[in-house]
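Asker: Predicted model, plus sequence, below.
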Amino acid sequence: MKLPTAYLEINIGKRARTSKIILALVELSSLKPHEEINLTAAKIIAKSIKTTGFQKNPVIADAESGVILDGMHRWNALKTLKARYIAACLVNYYDERIKLGRWARHYPRASALPAWLRGWVGPPEDPRKVLEKGDAFIYYKGAARRLRLPKNRVRALKRLKKLEARLKRTYGQIVYTEDELRDDGLMLFPSKLSKKEVVELASKGVLLPPKSTRHEIPWRPLHVNVPLNLLKYGGEPHVAYEAMAALVSRKNVFEALHGFTLDREYREGVLIFLGT
């Protein structure tokens, strides 16, 4: 994806640690999700955007491929609201400062390995070694068991999705946690993906199960509050770009420390945009 005709570079920090982010209005159709959409969650967001009249936070997207790294549900919500544009923070996905991780699935009510699971997994192994390698595995009572998955990545993802659904039917409650071992209940760790795999799969229209990836970027912009009527603007693009520039220029930007908590904890740097 080429950068839009007009976009805003915002410098952050001082002197040696100065960085920048790129905020832009981009055509909604130019972006690609990489995970499946939870339609219930998307409807809630769409209702919120329609009620408030704003897209509060920009989505995070790779400037080169147009793959959305964070904000798939905002993208889907605006699509259902017939928006033409979406506010995005565009990044270089292959920048080493952008971290790609995974979410583990935790089933705290699990008290035993079900008999049917034995055909899915290999023998017990050292969990630390398997965790470090990034393979898909089950963790239970101090032991890791690698999952027997097809070599083909797409087929492996489909099989992993079936396993996750079956475990949920068996144990009920599921909690998404960070990529770390917990000794209560049972844990399912999906395979770690590379950035190249994320882009290639999304570009082919292959969507990962929800919560397959976890992205951290150097700076995350919050509360930019772009009006819905601007996102739905049907006139000349340069008018929309100029309106976006004017909107951002009126705001004050504050840096929040790593570990800032608002609706959730943010490990990366956070930029709060204040003003009308």
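Answerer: Received the coordinates, thanks.
Asker: what's the helix or strand where R128 lies packed up against?
Answerer: Secondary structure assigned from DSSP states H and E places R128 in helix 127-133. On a contact count with 3 or more Cβ pairs under 8 Å, 6 or more residues apart in numbering; DSSP states H and E, helix 127-133 meets strand 137-140, strand 143-146. Glycine gets a C-beta too; all of them are placed from N, C-alpha and C.
Asker: how about a cut-off of 7 Å?
Answerer: The contact analysis (3 or more Cβ pairs under 7 Å, 6 or more residues apart in numbering; DSSP states H and E) places helix 127-133 against strand 143-146.
Asker: Can you show me the helices along the stretch 1-150 of the chain?
Answerer: Per DSSP state H, counting those that start in this stretch, the stretch 1-150 of the chain carries helices over the ranges 39-52, 72-80, 127-133.
Asker: can I see the domain layout of the protein?
Answerer: The chain breaks down into these domains under automatic domain parsing: 8-99+200-274, 103-192.
Asker: a markdown table for these, including mean pLDDT?
Answerer: A markdown table is the format used below for the domains of the chain (pLDDT from 0 to 100):
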| stretch | mean pLDDT |
| --- | --- |
| domain 8-99+200-274 | 88 |
| domain 103-192 | 91 |
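Asker: Kindly reformat those as CSV and extend each row with mean neighbour count.
Answerer: Formatted as CSV, these follow (neighbours: other Cβ atoms under 10 Å):
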stretch, mean neighbour count
domain 8-99+200-274, 17
domain 103-192, 16
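Asker: about what we covered before: out of the helices of the stretch 1-150 of the chain, the one nearest T170 is which?
Answerer: When the helices of the stretch 1-150 of the chain are compared for distance to T170 using Cβ to Cβ, the nearest one is helix 127-133, at 21.2 Å.
Asker: Partner strands of the longest strand along the chain, with direction?
Answerer: Within the chain, and with DSSP state E defining each element, the longest strand by residue count is strand 19-27. Sheet partners assigned to strand 19-27 using DSSP bridges are listed as strand 8-12 (antiparallel), strand 85-91 (antiparallel).
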